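*Asks:* The following comprises the amino acid sequence and a computationally predicted model.
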Amino acid sequence: MKFILIVGPQAVGKMTIGQELEKMTDLKLLHNHQTIDLLQPLFGFTPEMWKLSSMFREEIFKTAAQSDMYGLIFTYVCDFNAGTDAIDKICSIFEETGGEIYIVELEADVEERLKRNNTPHRLKHKPTKRNLRESEENLLQSHEQLRLNSLEGELDRENYVRINNTNLSALEVATRIKNTFQL
């Protein structure tokens, strides 16, 4: 089992790159909004929603890790000010069953992320982002208040790559990931 974790701030291109990587490999994609968008209409952005989302994801990870699937891609926004415990916990599920872990960290200029935030493709796949004013405010607020990219050496893993994709297409980045990790 190969587990590819794509981390980075909102609207950096995690889902879109994951979709491209899924097309060119036998990997399956679970992007973070699949659980969020399922639960948010029922519970709003409440602690209960986040708890359920985490529980669903963990069960999906455990089931995937024990399956015979080739691999799974998961996208995730991490506040590195809070540390890397959440990333370590996710990866440990796959490590416990002998899975191979690959971490891709994406970064892009905030101006580019603001452009990507309202693309038709993003809005099609992420219903909770369709209130553009609210989504943009959240992106800018988190950009100011959180640290959504790691410091050098913070994600100290064997199979790790950091890519600034400000001026790269999703296909270019997915191809780079596939080649770098020989997926």
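*Replies:* That came in fine, so what should we check first?

*Asks:* Can you name the residues that contact Asp26?
*Replies:* Contacts here follow CB atoms under 8 Å, 6 or more residues apart in numbering; on that basis Asp26 touches 70-71. In short, each C-beta sits where N, CA and C put it, glycine included.

*Asks:* what are the phi and psi values for it?
*Replies:* Its backbone dihedrals place Asp26 at phi -100, psi 10, with angles given as degrees, to the nearest 10.

*Asks:* go on, the one 5 residues further on?
*Replies:* The main-chain torsion angles of His31 are listed as degrees, to the nearest 10 and equal phi -90, psi 150.

*Asks:* In the protein, where's the longest helix?
*Replies:* helix 47-65 (DSSP state H).

*Asks:* Show me what that one packs onto, helices and strands only.
*Replies:* strand 27-30, helix 33-43, strand 71-76, helix 85-95 (3 or more CB pairs under 8 Å, 6 or more residues apart in numbering; DSSP states H and E).

*Asks:* ok, 6 Å please
*Replies:* Under the contact criterion of 3 or more CB pairs under 6 Å, 6 or more residues apart in numbering; DSSP states H and E, the helices and strands touching helix 47-65 comprise helix 33-43, helix 85-95.

*Asks:* Mind exporting the C-alpha coordinates of it to PDB?
*Replies:* Only the C-alpha atoms of helix 47-65 are listed here, as PDB (Å, rounded to 0.1, in the frame of the first residue of the first chain):
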ATOM      1  CA  PRO A  47     -16.600  20.700  16.800                       C
ATOM      2  CA  GLU A  48     -19.100  17.800  16.200                       C
ATOM      3  CA  MET A  49     -18.600  18.100  12.500                       C
ATOM      4  CA  TRP A  50     -14.800  18.000  12.800                       C
ATOM      5  CA  LYS A  51     -14.900  15.100  15.200                       C
ATOM      6  CA  LEU A  52     -17.100  13.100  12.900                       C
ATOM      7  CA  SER A  53     -14.900  14.000   9.900                       C
ATOM      8  CA  SER A  54     -11.800  12.800  11.700                       C
ATOM      9  CA  MET A  55     -13.500   9.600  12.700                       C
ATOM     10  CA  PHE A  56     -14.700   8.900   9.100                       C
ATOM     11  CA  ARG A  57     -11.300   9.600   7.700                       C
ATOM     12  CA  GLU A  58      -9.600   7.400  10.300                       C
ATOM     13  CA  GLU A  59     -11.900   4.400   9.500                       C
ATOM     14  CA  ILE A  60     -11.300   4.900   5.800                       C
ATOM     15  CA  PHE A  61      -7.600   5.000   6.300                       C
ATOM     16  CA  LYS A  62      -7.700   1.800   8.400                       C
ATOM     17  CA  THR A  63      -9.800   0.000   5.900                       C
ATOM     18  CA  ALA A  64      -7.600   1.100   3.000                       C
ATOM     19  CA  ALA A  65      -4.400   0.300   4.800                       C
END
